[in-house]
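In: Pasting the sequence and the predicted coordinates here, then a few questions.
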Amino acid sequence: MYSRAYKSVVSVPPLLWVAAFLLLPYALMFAHSLWAVREGIIVHHWNLNNYKTLFTNPVYLEVLSRTLRIAASVTICSILLGYPLAYYLAFHAGTRKELLYQLVIVPLWVSYLVRGYAWKTILGSDGVLNGFLQYLHLTHEPVGFFLYSPFAVVLMLTHIYTPFVFLPIYAALEHIPRPLLEASQDLGAGSLQTFWRVILPLSMPGLLAGATFAFVLSLGDFLAPLLVGGPSGTMIANVVQSLFGAAFDWPLGAAISVGILVITISLLFLS
Amino acid sequence: MSASPANPAQELPAEGAELLEVRNIAKRFGAVDVLKNISLNIASGEFLTLLGESGSGKTTLLRLIAGFEQPSSGEIWMGGARLDVLPPYKRRVNTVFQNYALFPHLSARDNVAYGLRVKNTPGREINGRVEEALRMVKMLDFAANRPSKLSGGQQQRIALARALVNRPQLLLLDEPLSALDANLRKQMQSELKSLQREIGITFLFVTHDQEEAMALSDRIALLRDGALEQVASPREIYAHPATAYTAQFIGQTNLLRGEIRGSIATCGALRWPLEGTDGPAMFSLRPEAIRICTDGKRQTNEVKFRATVRQQFYGGSSELLEVDCGNGQTLRVRVPARGPLTGEHDFVFSMAEAIRVQE
Amino acid sequence: MSANSTSRRAPLLALYAVFVFAFIYSPIVVLVLYSFNRDGVGGFPPRHFTLNWYTQLFADSSIWDSVLNSLMVAAGSVALSLTLGLLAALALDRADFPGKALFRRLVLLPLILPGIITGLSLLMFAVFAGVQLRLLTVFWGHGTALISVATTELFAGLQKLDRAQEEASLDLGATPWQTFWRITLPNLKLSLIAAALLIFTLSMDEIAVTFFLIGRDNTLPLEIWARLRLGITPEINAISTLIFAVSVALIVIWYRLRARSLGDRSQEFLEQLGETS
């Protein structure tokens, strides 16, 4: 029904734009990862040394494993918070469902930086939490380990990604036809059995989508560690950032980026 | 397309002259032959119905004529000019869509005015013609409403007005009544029929409902698996179905499988004289063509048989019997309502009512 | 929801939901509260209400310069990504071309990938092309990355659009161009507004891509970022509270808009269609 002219008018401009300004830059990233730096200049000498460094240097491996641990913790915490919330809204919230749903959405619109900053003011040694604890006379000295630790990074990222995890789970739960639950009970399954045998499997796609999202975005985060992580909370993206900055080793930075990209894309394919 | 002339009647071909000609049209979607070599003529002022089951290709044929699909081969001509090469917006053909496809963001009036507006018709003329069209479908009072505020029947009327206001040479109707409930449907059938007589525009109507097709059409084109099974007037197609499929699809019938040998037709227990070459044959015998023979006598041109009543279905003014002629041969007989009936009886039918059909 | 068993009260679960909400909202509450605290951030409980931090903020010209920069970038990104996203959505919905599957995935990548990857790739491209980094490069980066959002949102809108609407328009004599303006676009209005709001918000808040593409002028998030590195000041609480207020206002406007126009027609229309067919 649409003419050839119509089809080319709508497809050519975005195709060209995306090819030039997305495909090419990503390709350039890959190319850089195969180049080298000699005396502070990037030379187009094709080699695999950057990847070799990445897989043999214990510093990178340690940061990478910490990053994976943090991302996994964030994912698990977000699910532990997001799934019951979604379940409550989908099945028990009654008429307040819509309002509560909006309440979960609102923080999504609030600046990432602002939320991160809020945690910094809460967790700091002269922050709100320490002030609160001393006010209650639970502690007399400020507790130092709240801020600038992997814990703070996990807390902040969990706070950011819980609504993201909530959304697809809630959508999946809402789409479960209610007669299925009645059928399950009719066939003699209790609430818990209905949950394990019907609800959980049917909400699994939503759960996986949310989990993938939280994991991937935590994996590549470099702002949370800078804000609340401190040296012990450094993540892989911070390494990339410093390689592109002060350390000036773009090829190595590009190689690590390609690594993150590969992990991301393979996760997306799996889920 | 330029603005329509003040008097469209002058431009229309004379009543009965050929308006649309479908020549050897075929349509393939991938490996599927949706339409196979269809040829069909529609006369000006005619009410022609494309009848068929879902998947028979009737809607595809309609969309080819409207211009939403391109034929894989063949041509379509209208008023002496090639139609299939034109884009939909250059065809003097308008469509009433199955779910009306009214524009939700426009009022009923603006929906009707749409076709005139996009052709830059002068404002005064638009107002007059929209008014006229709305009056014609009795929707003047609802003109300001959005489609969402209209009932199904009202939406249907607006869809009709929106198409007719453009004074098309041919109006295509794609199962326009299928979304309405039974009562409203009957009423709209009657209005549609009188409207068509009144304005004299050629209607090409698509439906899967054989009763609707019989009630409305001048001619019915029965489609089966993308091919035309039979094209004829409702009376003709009912009285003289060409094939077993037609006989079964249109109305109820008894299909009798048998043979002709030595100028005698034999179908199980039934035998009657019939000229024809020897060989297998099939006949369609309508249930109402059979009657109960109370006095045991038959006319010379009638066939008599004895059968046992097995089932009786009450249907108000008439009832349907299932009778067993022996050897498991079952026939359906429609008789005037007459109360419970059991046991063996004599039945007769006129030989001329057993219509020989192709398998 | 008719099943009694599924709407049964679940006090433990409700309590847990309250806890999650508290977790989600406590930082925001703290932030807003301390923007009015005379003694600055930290300490408990907050005492002595003040508007000083706001007065200080309003006098701070470099913050407002950065706000202006952010607004310009966001407005430009909305225009750019909405235009390209609309075309891309139309292409995905109705055209077949070689590499369509790849194109669909590529467009979405910036949405799925960590921002640093897209940011660095664009940086390398800019350096490679010899482009000097300035506000324009930020606009280019945001506009390109956010095509993903526009495409997803508008593609979903197109999928909901009844194809027969456009056929009806063509059938009534409108050219494809007229049909696009009179039927397709008005039907996409909600998706267009939603996409525009989303792109605007995301651009206003973007850091990862901006971080690598920024020249001398700062956007608002980067200005805040720069100050954060120097230390915490309640002025940041004040600007964050304002950002929060604007975001909430935008959300409320959006829901009002959606509720009204939905209630007005499309929803009922669809319901009616559902009933009759």
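Out: Arrived safely.

In: drop to CA atoms for contacts and neighbour counts, all remaining ones
Out: Will do.

In: Going along the chain, name the strands of the stretch 151-271 of chain A.
Out: Counting by DSSP state E, counting those that start in this stretch, the stretch 151-271 of chain A forms no strands at all.

In: where does it come near chain C, residue by residue?
Out: A:159, A:178, A:182, A:213, A:216-222, A:237, A:257, A:261, A:264 (C-alpha under 8 Å from any C-alpha of the partner chain).

In: Any quick ChimeraX command for the buried ones out of those residues?
Out: Here is the ChimeraX selection string for the buried members of these, based on 16 or more other C-alpha atoms under 10 Å in any protein chain shown:
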select /A:159,182,213,216,217,218,219,220,221,222,237,257,261,264
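
In: Now do residue A:228 against residue A:151, distance only.
Out: As defined by C-alpha to C-alpha, to the nearest Å, residue A:228 lies at a distance of 9 Å from residue A:151.

In: Sorry, wrong one. I was asking about residue C:172.
Out: In this structure, residue C:172 and residue A:151 are separated by 64 Å, where distance is defined by C-alpha to C-alpha.

In: With residue B:127 instead?
Out: 72 Å.

In: now do residue B:270
Out: In this structure, residue B:270 lies at 94 Å from residue A:151, with C-alpha to C-alpha as the measure.

In: quick revisit: which ones, among the residues of the stretch 151-271 of chain A next to chain C, also lie beside chain B?
Out: Restricting these to those near chain B - C-alpha under 8 Å from any C-alpha - leaves none.

In: what's the lowest-pLDDT member of the residues of the stretch 151-271 of chain A next to chain C?
Out: Within these, the minimum per-residue pLDDT falls on residue A:182 (83).

In: so which residue of the stretch 151-300 of chain B comes closest to chain C?
Out: Minimum separation of the stretch 151-300 of chain B from chain C (C-alpha to the nearest C-alpha) falls at residue B:179, amounting to 4.8 Å.

In: which residues sit against the helix or strand hosting residue B:303?
Out: Take DSSP states H and E as the rule and residue B:303 turns out to sit in strand B:302-315. Residues lying outside strand B:302-315 but in contact with it, judged by C-alpha atoms under 8 Å, 6 or more residues apart in numbering or on different chains, are B:269-272, B:298, B:319-326, B:337, B:340-351.

In: Next: stretch B:249-265.
Out: Here stretch B:249-265 makes contact (C-alpha under 8 Å, 6+ apart) with B:210-211, B:237-238, B:244, B:247, B:266-268, B:271-287, B:331-332.

In: 7 Å - rerun?
Out: The set of residues that contact stretch B:249-265 without belonging to it, under C-alpha atoms under 7 Å, 6 or more residues apart in numbering or on different chains, is B:210, B:238, B:247, B:266-268, B:271-287, B:331-332.

In: again, but for stretch B:20-27
Out: Among residues not part of stretch B:20-27, those counted as contacts by C-alpha under 7 Å, 6+ apart are B:33-43, B:71-79.

In: just how off-centre is it within its chain?
Out: In terms of C-alpha atoms, centre = their mean, to the nearest Å, the centre of stretch B:20-27 is set 19 Å apart from its chain centre.

In: and what of stretch A:96-113?
Out: 18 Å.

In: got it, and stretch C:62-72?
Out: The offset between the C-alpha centroid of stretch C:62-72 and the centroid of the whole chain comes to 18 Å, using C-alpha atoms, centre = their mean.

In: Mind listing what's buried along the helix ranked longest in chain C?
Out: For chain C, the helix reaching the highest residue count under DSSP state H is reported as helix C:61-94. Using 16+ other C-alpha under 10 Å as the test for burial, helix C:61-94 gives C:63-67, C:69-92, C:94.

In: where along chain A do the helices fall?
Out: Using DSSP H, the helices of chain A run over A:4-18, A:24-33, A:49-56, A:58-91, A:97-105, A:112-123, A:128-135, A:150-175, A:178-186, A:191-194, A:200-219, A:223-224, A:236-244, A:250-270.

In: Please identify which of those is closest to residue C:125.
Out: Shortest distance between residue C:125 and the helices of chain A, using C-alpha to C-alpha, is found for helix A:24-33: 5.2 Å.

In: restrict the buried residues of helix C:61-94 to those near chain A?
Out: Of the residues in these, proximity to chain A by C-alpha under 7 Å from any C-alpha of the partner chain holds for C:84, C:87, C:88, C:90, C:91.

In: ok so, going back, so residue C:172 and residue A:151 - more neighbours on which side?
Out: Neighbours per residue, other C-alpha atoms under 10 Å in any protein chain shown: of residue C:172 and residue A:151, the larger number sits with residue C:172, 32 against 19.

In: Show me the chain divided up by domain.
Out: I went with chain A, as the question did not name one. Using automatic domain parsing, the domains assigned to chain A come out as A:1-33, A:48-270.

In: please go with chain B instead
Out: Listed by automatic domain parsing, the domain ranges of chain B are B:8-242, B:252-357.

In: how about the residues of chain A near chain B?
Out: Residues of chain A lying near chain B by C-alpha under 7 Å from any C-alpha: residue A:1.

In: again, 10 Å this time
Out: A:1, A:2, A:3 (C-alpha under 10 Å from any C-alpha of the partner chain).

In: Could I get the buried residue list for stretch B:298-312?
Out: Within stretch B:298-312, the residues scored as buried using 16+ other C-alpha under 10 Å are B:298, B:302, B:303, B:304, B:305, B:306, B:307, B:308, B:309, B:312.

In: relative to helix A:4-18, how tilted is the longest helix of chain C?
Out: Using axes from the mean of the first three to the mean of the last three C-alpha atoms, to 10 degrees, one finds that helix C:61-94 and helix A:4-18 are set 140 degrees apart in direction.

In: Tell me if helix C:61-94 is near chain B.
Out: No: applying C-alpha under 10 Å from any C-alpha, one finds that helix C:61-94 is not in contact with chain B, the shortest distance being 13.7 Å.
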